[in-house]
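Asker: my questions concern the predicted model and sequence given below.
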Amino acid sequence: MKTKKFQAGRVTLVAFSHFIHDVYTSFLSPLLPLIIEKLSLSLSQAGLLSTFMQVPALLNPFIGLVADNKGLARWLVILAPTLTAIPMSLILSASSYSVLLCLLFFAGVSVALYHVPSPVLVAKYSGDKKGRGMSIFMTGGESARTIGPMFAVFAVSFLGADHFYAVIIFAGLTSVLLFFTLEKEEKKTAIKEKGSLKASFHEIRHVLIPLAGILAARSFMHASMGVFLTVFVERQTGSLWLGGAALALYEAFGVAGVLSAGTFSDWIGRQRVLFWVLTVAPAAILIFVLSTGILKIIMLAITGFTVLSTTPVMLAIIQDNAKQNPSAANGLFMMTSFAVRSIAVFIAGIIGDLAGLDNMFIISALIGFSAIPFLLKLDH
């Protein structure tokens, strides 16, 4: 029987492991200039690196199924930070492009091994406050995207590219801490009955199908802001620094949104929170594109707060409904999220090339409004 008590210590620990894990996955972008120079890569080769790292996300449902049937959620969460850190700490030591691709693919597999079962543990430790737990968990990941690149630059400056691998120690210590802290709880909560992907899909399809529509609509807003924001601001202002500052502001308010949205959804309901953020987000993007001065800055902050805050609420919805195969269900959700996000980024880029960045942001915002009909069909 699952406890209804919110275990703040364990939830915080898993969130901390999320932070440590995602710090390592954030290394590629800030270190890319060094990699390009060392291996003499073209921009198209460099652009393929991130995609290659994300391909293993297609394995998410199968990883979740194995985690459920074998009771491996605890072990995957314990080992993944170190398994991810090993290849990511070696990317500056790669002797060729093919070796680098292998390292990133291995890292991508480990990323999937971590992100599929970890929300399941958080849900178990959160009791009746799954939204709050998911908010704390996702805050760890969002914070890593802000601090990770700075840490990578500092580490390579201090250690040098040849000894950058030494940063792996932080992941190793985190895995040891997780082993001694999470062991007892997982033994109590391991799932004994074997499930299947078909059974898992049938269990959550009443929420997964509407959520897929919401993810598709949100992905265009997420892609335009997360991928093309710096380019948009740099082209408008001529300042790369302002572009970076805009992205930092967007991410900072995103952390605030992630931290609060799940908790609010425990109080006033998941659908109400999603309705609010999915209505405000596209409107804020439209005003951001069309405004100037302080209003533009305010709208950027509101956009970050709303666009990024939907994930913990949707994770909580999946775990609310996945009683038999929670890891497999989360794997199905994450695979869906990966698929629609990848397609949205590609289409948004095409729109930007054909119609200009301004129109790309406007079209992405208008597509964002299409999430509301799917939300109304959400049977939660």
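Answerer: Nice, I can see it.
Asker: just checking, Leu208 touches Phe333?
Answerer: Yes. The pair formed by Leu208 and Phe333 meets the contact definition of CB atoms under 8 Å, at 6.4 Å. All C-beta atoms are positioned from the backbone trio N, CA, C, and that covers glycine.
Asker: average pLDDT for stretch 66-85?
Answerer: If you average the pLDDT over stretch 66-85, you get 88.
Asker: list the buried residues for that stretch?
Answerer: Judged by neighbour count using 16 or more other CB atoms under 10 Å, the buried positions of stretch 66-85 are 66-69, 71-85.
Asker: over to stretch 276-288?
Answerer: By neighbour count, and taking 16+ other CB under 10 Å as the criterion, the buried residues in stretch 276-288 are 277-288.
Asker: and the residues you listed, which of them are in helices?
Answerer: With helices defined by DSSP state H, the entries of those inside them are 277-288.
Asker: thinking again about what came up before, look at Leu208 and Phe333 and report which has more neighbours.
Answerer: When Leu208 is set against Phe333 and neighbours are counted by other CB atoms under 10 Å, the residue ahead is Phe333, at 27 against 22.
Asker: residue contacts, that one?
Answerer: Shown in contact with Phe333 (CB atoms under 8 Å, 6 or more residues apart in numbering): 204, 208, 211, 314-315, 318.
Asker: quick one: list the elements packing against the worst-scoring helix or strand of the chain on mean pLDDT.
Answerer: Of all the helices and strands that make up the chain, helix 43-54 has the lowest average by mean pLDDT, DSSP states H and E, namely a mean of 76. If contacts are counted by 3 or more CB pairs under 8 Å, 6 or more residues apart in numbering; DSSP states H and E, helix 43-54 sits against helix 28-39, helix 97-115, helix 326-355.
Asker: just the pLDDT at the residue nearest in space to the middle of the chain, thanks.
Answerer: The residue lying closest to the centre of the chain (CA atoms, centre = their mean) is Gly141, at 6.7 Å. At Gly141 the predicted local distance difference test score is 89.
Asker: and the one 4 residues further on, by the same measure?
Answerer: Model confidence at Arg145, given as pLDDT, is 81.
Asker: same check on the one 5 residues further on?
Answerer: The score at Met150 is 82. That number is its pLDDT.
Asker: please, which helix or strand holds it?
Answerer: Assessed by DSSP states H and E, Met150 sits inside helix 130-159.
Asker: flag every buried residue along that helix.
Answerer: 130-146, 148-149, 151-152, 155-156.
Asker: what's the answer for stretch 333-342, then?
Answerer: Buried residues in stretch 333-342, defined by neighbour count with 16+ other CB under 10 Å: 333-342.
Asker: ok, stretch 20-35 next?
Answerer: Applying a neighbour-count criterion of 16+ other CB under 10 Å, one finds 20-28, 30-32, 34-35 buried in stretch 20-35.
Asker: which regions of the stretch 251-380 of the chain sit below the pLDDT cut-off?
Answerer: For the stretch 251-380 of the chain, applying pLDDT under 70 flags the ranges 379-380.
Asker: could you name every residue contacting both of Leu208 and Phe333?
Answerer: Common neighbours of Leu208 and Phe333 are listed as Ile318 (criterion: CB under 8 Å, 6+ apart).
Asker: confidence score at Lys184?
Answerer: You'll see Lys184 listed with a pLDDT of 54.
Asker: ok, the one 10 residues further on next?
Answerer: Predicted confidence (pLDDT) for Lys194: 62.
Asker: likewise the one 10 residues further on?
Answerer: The predicted local confidence for Ile204 comes out at a pLDDT of 89.
Asker: what sits against it?
Answerer: Contact criterion CB under 8 Å, 6+ apart gives 318, 321-322, 329, 332-333 as the residues in contact with Ile204.
Asker: try it again with 6 Å
Answerer: Ile204 sits next to 321-322, 329 when contact means CB atoms under 6 Å, 6 or more residues apart in numbering.
Asker: show me what contacts the residue nearest to the centre of the chain?
Answerer: Gly141 sits in contact with 18, 22, where contact means CB under 6 Å, 6+ apart.
Asker: how about 8 Å then?
Answerer: Listed by CB under 8 Å, 6+ apart, the contact set of Gly141 reads 18-19, 22.
Asker: about what we covered before: list buried residues within the contacts of Ile204.
Answerer: Applying the neighbour count, that is 16+ other CB under 10 Å, the buried entries in the contacts of Ile204 are 321-322, 329.
Asker: okay, how far is it across stretch 16-32, tip to tip?
Answerer: One end of stretch 16-32 sits 26 Å from the other (CA to CA, to the nearest Å).
Asker: grab the longest helix from this structure for me.
Answerer: Counting by DSSP H, the longest helix found in the chain is helix 197-237.
Asker: give the next helix or strand downstream of it.
Answerer: Stepping forward along the backbone from helix 197-237, the first helix or strand reached (DSSP H and E) is helix 240-268.
Asker: buried residues, that next one. List them.
Answerer: With the criterion 16+ other CB under 10 Å, helix 240-268 contains buried residues 243, 246-247, 249-266.
Asker: do the same with stretch 320-331
Answerer: Of the residues in stretch 320-331, 320-322, 324-331 count as buried by neighbour count, 16+ other CB under 10 Å.
Asker: next one: stretch 52-65
Answerer: For stretch 52-65, burial by neighbour count (16+ other CB under 10 Å) applies to 52-54, 56-57, 59-61, 63-65.
Asker: CSV for the residues you listed, including distance to Val273?
Answerer: Compiled in CSV, the buried residues of stretch 52-65 are given as follows (distance: CB to CB, whole Å):
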residue, distance to Val273
Phe52, 35
Met53, 31
Gln54, 28
Pro56, 31
Ala57, 26
Leu59, 30
Asn60, 25
Pro61, 26
Ile63, 28
Gly64, 25
Leu65, 30
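Asker: which one among those residues gets closest to Cys102?
Answerer: Using CB to CB, Phe52 comes nearest to Cys102 of these, at 9.3 Å.
Asker: correct me, but that closest one touches Leu103?
Answerer: No. With contacts defined as CB under 8 Å, Phe52 does not count as touching Leu103, sitting 9.8 Å away.
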